[in-house]
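Chemist: have a look; sequence and predicted model below, questions after that.
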Amino acid sequence: MNKKEVWVICDLERQDGRHYLQLVCKAHMLAKSLNAVVSAICLGRHNEVAFESLKTAGAARIIHCECEDLGNAVVAADIVGQLIESRPPFLVIMPATWLGKNIAACLSARFNVGLTADCVNIEVDEHNEVVFSRTALNDSVIARIKCQNSQFLMCTVKPDSFDVVPNSAENGILLERFSHRPDKSAVSIMEIIEKRALSRPVQLNLHAAKLVFSVGRGIGKGKTLDLLHKVAQKFRAEVVGTRAAVESGLIEKSRQVGQSGINISPNIYVSFGVSGASQHVVGMRNSRMIVAVNSDDSAPIFNYADYAFVGDAFEVLKGLDDLIENV
Ligand code: FAD
């Protein structure tokens with residue numbers, strides 16, 4: 001009998017492949033409990049380097065759907081839909097990106113299956129059933145969701161919810177090519193009401209940042225914040241912050257890390273005046289190295305820190321500034 005398949009939808013045209021590698025690693029873990037195999041469904045142009053890294057992340061099968069234009073999510077969803085019709089999967093995991101979310105919505109409507117969006121975790125419980133976790137009730141709780149009576153399971157996952165760990169597919173890798181019939185009727189324009197040039201909003205790519213400085217309410221507005229930005233620029237660090245920092249006007253909302261913000265996993269995360277509340281930690285705990293600066297030696301952030309500096313944020317930033325000046 002054919003084994004169940006756990007699919008991960010991979011957008012090969014994205015410059016940062018980290019997100020789908022995180023999903024393949026998680027799928028590899030789930031597949032072990034479910035006695036399933038992981039298939040990476042690759043949309044985009046042929047890319048040997050990407051195929052190789054998917055293999056290392058744990059994909060047993062790579063199904064390549066040649067598709068030059070991923071700017072049209074309806075067409076991309078139609079390709080995945082045709083593939084589902086030809087070989088139904090057990091679970092489909094998609095990145096919670098613009099493309100992933102749009103494909104998921106189209107598939108949910110086409111196959112009438114449940115969709116759990118913006119997950120932060122996926123587990124297999126003691127009944128061998130898949131449980132999706134996501135925030136709910138205005139981010140005040142983590143809801144654990146099971147999807148029942150559905151032909152297959154489907155979810156989208158926020159970036160940096162999982163680690164990338166090297167795995168290896170068990171029985172060698174299988175590379176298949178899926179050729180689809182382009183469905184011209186997938187998009188039809190009924191009437192053009194207005195044509196307007198839209199300027200794209202500036203895209204922040206905090207997920208790709210290697211070094212991140214995190215602003216907490218403790219540093220306040222004024223000279224410490226100014227110095228932090230100056231030093232961050234010299235170290236080429238991205239600046240993020242806590243919800244309290246956002247609410248105090250220290251940093252913009254799009255840079256908020258945590259339960260109701262974004263997840264990040266940089267190589268180095270350095271916090272200044274961040275207490276370490278659980279709602280913040282959930283968004284940065286996958287950082288490779290955590291450095292914390294806080295004037296209170298009992299601040300919870302120190303429980304997660306690889307390096308802890310008890311002291312005033314301004315003094316530490318001044319030290320860093322002097323250091324880089326003298327290099
Ligand atoms: P504070 O808790 O005020 O901590 C400031 C810290 O700065 C203290 O530890 C203090 O010792 C230190 N300090 C003070 N002066 C200095 C100095 N001169 N030098 C060095 N250190 C100094 N929070 C998030 O971050 N992200 C979220 O997504 C998020 N979602 C939430 C969702 C819900 C439903 C709820 C209820 C809360 C959420 N929160 C979130 C808020 C979270 O609970 C905390 O309130 C918040 O993270 C605290 O931010 P902070 O550490 O900057 O501020």
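Modeler: Cool, the structure landed.
Chemist: any stretches of this structure with poor pLDDT?
Modeler: For the chain, the stretches with pLDDT under 70 are 1, 15, 168-173, 182-204.
Chemist: pull up the residues of it that are close to the ligand.
Modeler: Residues of the chain found near the ligand (C-beta under 6 Å from any ligand atom) are 139-140, 216-218, 242-245, 256-261, 273-275, 277, 279-280, 293-296, 299, 312-313. (Each C-beta comes from the backbone N, C-alpha and C, glycine too.)
Chemist: which PyMOL command selects the buried ones in the residues you listed?
Modeler: Buried subset of the residues of the chain next to the ligand, written as a PyMOL selection, criterion 16 or more other C-beta atoms under 10 Å:
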select buried, resi 216+217+218+242+243+244+245+256+257+258+259+260+261+273+274+275+277+279+280+293+294+299+312+313
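Chemist: narrow the residues of the chain next to the ligand to those in strands?
Modeler: 293, 294 (DSSP state E).
Chemist: can you map out the helices along the protein?
Modeler: All helices of the chain, identified by DSSP state H, fall at 18-34, 48-57, 73-86, 98-111, 223-234, 243-247, 278-281, 313-325.
Chemist: okay if I get those helices as TSV plus distance to residue 159?
Modeler: Listed next are these as TSV, based on distance: least, C-beta to C-beta, whole Å:
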stretch	distance to residue 159
helix 18-34	5
helix 48-57	15
helix 73-86	18
helix 98-111	10
helix 223-234	21
helix 243-247	19
helix 278-281	17
helix 313-325	28
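Chemist: please identify the deepest-packed of those.
Modeler: Highest mean neighbour count among the helices of the chain (mean count of other C-beta atoms under 10 Å): helix 18-34, with a mean of 23.
Chemist: and that one with helix 98-111, angle?
Modeler: 40 degrees (axes from the mean of the first three to the mean of the last three C-alpha atoms, to 10 degrees).
Chemist: which residue is the nearest non-sequential neighbour of the residue in the stretch 201-327 of the chain that the ligand sits nearest to?
Modeler: As assessed by C-beta to the nearest ligand atom, the ligand sits closest to residue 218 within the stretch 201-327 of the chain, at 2.0 Å. Closest residue to residue 218 apart from its sequence neighbours, by C-beta to C-beta, 6 or more residues apart in numbering: residue 273 at 2.5 Å.
Chemist: cool, and residue 59?
Modeler: According to C-beta to C-beta, 6+ apart, the nearest residue to residue 59 is residue 40 (4.0 Å).
Chemist: okay, and the beta partners of the one you found?
Modeler: residue 8, residue 62 (DSSP bridges).
Chemist: so what's it up against?
Modeler: Shown in contact with residue 40 (C-beta atoms under 8 Å, 6 or more residues apart in numbering): 7, 8, 10, 20, 24, 54, 59, 61, 62, 63.
Chemist: does the fourth one touch residue 7 like I think?
Modeler: In other words, residue 20. No: Residue 20 is beyond contact range of residue 7, at 11.3 Å (criterion: C-beta atoms under 8 Å).
Chemist: top of the contacts of residue 40 by number of neighbours, please.
Modeler: Within the contacts of residue 40, most neighbours by other C-beta atoms under 10 Å means residue 59, with 34 neighbours.
Chemist: dihedrals phi and psi, that one?
Modeler: Phi and psi for residue 59, reported as degrees, to the nearest 10, are phi -80, psi 130.
Chemist: distance check, it against residue 80.
Modeler: 16 Å (C-beta to C-beta, to the nearest Å).
Chemist: next one: residue 159
Modeler: According to C-beta to C-beta, residue 159 stands 20 Å off from residue 80.
Chemist: residue 275 now?
Modeler: 43 Å.
Chemist: nearest residue to residue 103 in space, ignoring adjacent ones along the chain?
Modeler: residue 77 (4.4 Å).
Chemist: right, and the one you found touches residue 111 too?
Modeler: No: if you go by C-beta under 8 Å, residue 77 and residue 111 don't touch, sitting 10.7 Å apart.
Chemist: pull the contacting residues for the residue nearest in space to the middle of the chain.
Modeler: Central residue of the chain (C-alpha atoms, centre = their mean): residue 159, 0.6 Å from the mean position. For residue 159, the residues meeting the contact criterion (C-beta under 8 Å, 6+ apart) are 18, 19, 22, 95, 96, 97, 207, 262, 263.
Chemist: which ones are touching the residue lying closest to the third one once chain neighbours are set aside?
Modeler: Nearest in space to residue 22, with sequence neighbours left out and distances taken as C-beta to C-beta, 6+ apart, is residue 162 at 4.4 Å. Under the criterion of C-beta under 8 Å, 6+ apart, the contact list for residue 162 reads 22, 23, 25, 26, 286.
Chemist: appreciated, that's everything.
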